[in-house]
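1. Compute the structure for the input listed below.
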Amino acid sequence: MNNSFKIFIQNADSKYKNYLNSLIEYPEIISIYETEDPIDRENSWVKFAKKQDEQFFEKVANPFYIGFGNPQSVILIIGKESGYDYNLNEYKQFYNESVNNIKNWEMTLNKDQTIYNPYPVIDIKHSHTWSYYKAIVERLMDIDIQDNASFLDHCFITEINHVPSKTSKGRRIVLNSDTYPLRKDFLKDDFFKRFKYIINTAKAYETIGLTEELFDVEYISKEYIGTNGRIESFYFRKENRNAVVTCQMSGSTRGLTTDSINKLCDRLKGKM
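-> Coordinates of the predicted model:
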């Protein structure tokens, strides 16, 4: 796994460099990205980013964003997008969670560390969505996660939309963006297919056939798992290779209870 993951990281880095080189309106950005010293790279990025407008952040957001967590786990969780406003002086967060995500993984692997989370996990107590993720991981793995720091030891998390947004920009904007095809092609990589359990929580960006296209699975069934009868869950599988559930985990999820999580996980385990 280590060697294949390193190759995956190298390929992602090459693709992002090529993409940054294509942004002729920002010729400085590629030299910043290729700065060897990580502290100098971050400082140069923040200095440059402070002078830019909103369009800049949408352009340089990394379509080859990999994610966080344990790449050797059996659980992949896919969110809609990272939930913060890059245009509200969140320069360092945007840098670490988008632009520098690949570099963080390279640095972690080069140090021969345990390849889990190259960037500190957020506080789950203050994240409504991630509290659902934690509950799913605990149910699937039959464990009790006591501290937030160990959460990403047991799963891997990425996003459908690589452009961060505190409030979703809307399905039409995301699906019609110039970089969305790059993101979608990247998510077709075998790395994302190898997980035993895949939970796609980005139902708002779902299109007909998208889950089948990304993960080479077949649609099996649909059911409502929320207490209010509004939360749809779509189940996909192909032979015994992996199982995928598409279910919204943000927005109108007040009806998502412990029983709902149990139903979803039972589906993934093939118990229903």
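
2. Phe234: how many residues sit nearby?
-> 18 (other C-beta atoms under 10 Å). For the C-beta atoms, the positions are set from N, CA and C on the backbone; glycine is no exception.

3. Surely it is in a helix?
-> No. Using DSSP: H, G, I helix; E, B strand; the rest coil, the assignment for Phe234 is strand, not a helix.

4. Surely it is in contact with Thr211?
-> Yes. Counting by C-beta atoms under 8 Å, Phe234 touches Thr211, with 7.2 Å between them.

5. what pLDDT, on average, does the biggest helix by length in the chain get?
-> Identified as the longest helix of the chain according to DSSP state H is helix 2-21. What helix 2-21 shows for mean pLDDT is 93.

6. Determine the set of other helices and strands touching it.
-> Contact analysis of helix 2-21 by 3 or more C-beta pairs under 8 Å, 6 or more residues apart in numbering; DSSP states H and E lists helix 29-33, helix 101-110, helix 180-187, helix 190-193 as its packing neighbours.

7. intersection of neighbour lists for Phe234 and Thr211?
-> Taking C-beta atoms under 8 Å, 6 or more residues apart in numbering as the contact rule, Phe234 and Thr211 both touch 219, 246.

8. Look up phi and psi at Phe195.
-> The phi and psi values for Phe195, taken as degrees, to the nearest 10, are phi -70, psi 140.

9. Also Ser221?
-> Note on Ser221: its backbone torsions stand at phi -160, psi 170 [degrees, to the nearest 10].

10. In contact with it, which residues?
-> If you count contacts by C-beta under 8 Å, 6+ apart, Ser221 has them with 234-235.

11. Quick check: pLDDT value at it.
-> On the pLDDT scale, Ser221 gets 83.

12. start at 888 instead
-> Yep, numbering from 888; the last one is Ser1108 now.

13. what's across from it in the sheet?
-> Assessed by DSSP bridges, Ser1108 has beta-bridge partners Tyr1122.

14. Need the contact partners of stretch 958-966.
-> Residues contacting stretch 958-966 (C-beta under 8 Å, 6+ apart): 888, 892, 1002, 1016, 1020, 1023-1024, 1027-1028, 1040-1047, 1074, 1078-1079, 1082-1089, 1136-1137.

15. how about a cut-off of 6 Å?
-> Residues from elsewhere that reach stretch 958-966 (C-beta atoms under 6 Å, 6 or more residues apart in numbering): 888, 892, 1002, 1020, 1024, 1027, 1041-1047, 1082-1089.

16. Please indicate which of the residues you listed are buried?
-> 892, 1002, 1020, 1024, 1027, 1041-1047, 1082, 1084-1089 (16 or more other C-beta atoms under 10 Å).

17. So which of these belong to helices?
-> Per DSSP H, those map to helices at 892, 1020, 1024, 1027.
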